[in-house]
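>>> fold the following.
(one chain, ligands or ions: 1)
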Amino acid sequence: MVGDISVETGDRVLDVAAGTGSITRRLAAAGAEVVSLDQSYEMLARAVERGAAGIVATAEQLPFADGEFDAVTFGYLLRYVDSVPGAMTEITRVVRPGGRVGMVEFGRPSGIWRPLWWGFTRIILPVAGWMISRPWRDVGSFLGPSIDAFADRWPPPRLAAAWEEAGLIDITVVRMSLGGGLVVTATKP
Ligand SMILES: C[S@@+](CC[C@H](N)C(=O)[O-])C[C@H]1O[C@@H](n2cnc3c(N)ncnc32)[C@H](O)[C@@H]1O
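Numbers count the residues shown, from 1 in each chain. You can find the predicted model right below:
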């Protein structure tokens, strides 16, 4: 995703839902000046410990002026927002004309891979989590149904339409890892 949005040295990039900063670090390695934003102080604190410039805020109300960033990225965010169109409109607002938007999210494989994916997310992940700790068991049990619910509500064509309605063009949806991953990129005209 970072490669697909063509980050250039010195670009100002906002990483929304940055969490502990895994995307932030890739953007910084590509030469960007990154602002990492997350609603969770605890998650962001880990990113800041590793060198990020962090700000606690929500994707639905970004504390920035229109067109402030050359690009905005977000990973694993849209499953958590109340309104996908609302979040996309707000994200698009803070990108400059000609700027790029990139997202990575879990996807749901189709065909022969679907039952294998189901077994992985419904059995292997919860059991692996259970073997580590109670919080990891909860995460392991949560993820599969969460991905399924998002895939039902926002299949890639509907998601792309929401991006277009938010004002983005050149929307590219790439299914990766046998459909288990989704990378979407676009440009603000
Ligand atoms: C699974 S983590 C992903 C972190 C990071 N993007 C990554 O790829 O490693 C999801 C993050 O989204 C954040 N988040 C969820 N809803 C949010 C919202 N409405 N606004 C900002 N951050 C949000 C959570 O606090 C969490 O840190």
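>>> rest of the way, CA atoms for contacts and neighbours
Noted.
>>> ranges for the helices of the chain?
Under the criterion DSSP state H, the chain contains helices at 22-29, 41-49, 84-93, 113-119, 125-132, 134-153, 156-165.
>>> which positions in the protein make contact with the ligand?
Where the chain comes near the ligand, counting by Cα under 6 Å from any ligand atom, the residues are 17-19, 21-23, 38-40, 43, 58-59, 74-77, 80-81.
>>> ok, now which ones touch the residue nearest in space to the middle of the chain?
Closest residue to the average C-alpha location of the chain: Gly75 at 1.9 Å, with Cα atoms, centre = their mean. For Gly75, the set of contacting residues under the criterion of Cα atoms under 8 Å, 6 or more residues apart in numbering consists of Val16, Ala17, Ala18, Ile23, Met103, Val104, Glu105.
>>> pull stretch 61-73 out as PDB, backbone CA atoms only.
Below are the C-alpha coordinates for stretch 61-73, written out as PDB (Å, rounded to 0.1, in the frame of the first residue of the first chain):
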ATOM      1  CA  GLN A  61     -13.200  14.400  13.200                       C
ATOM      2  CA  LEU A  62      -9.700  15.100  12.000                       C
ATOM      3  CA  PRO A  63      -8.100  18.100  13.700                       C
ATOM      4  CA  PHE A  64      -6.600  19.400  10.500                       C
ATOM      5  CA  ALA A  65      -7.400  22.000   7.800                       C
ATOM      6  CA  ASP A  66      -8.600  21.100   4.300                       C
ATOM      7  CA  GLY A  67      -5.900  19.800   2.000                       C
ATOM      8  CA  GLU A  68      -3.100  19.700   4.700                       C
ATOM      9  CA  PHE A  69      -1.600  16.400   3.600                       C
ATOM     10  CA  ASP A  70       0.000  15.000   0.500                       C
ATOM     11  CA  ALA A  71      -1.400  11.600   1.400                       C
ATOM     12  CA  VAL A  72      -3.500   9.800   4.000                       C
ATOM     13  CA  THR A  73      -3.200   6.200   4.900                       C
END
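>>> and it, what's buried?
Using 16 or more other Cα atoms under 10 Å as the test for burial, stretch 61-73 gives Leu62, Gly67, Glu68, Phe69, Asp70, Ala71, Val72, Thr73.
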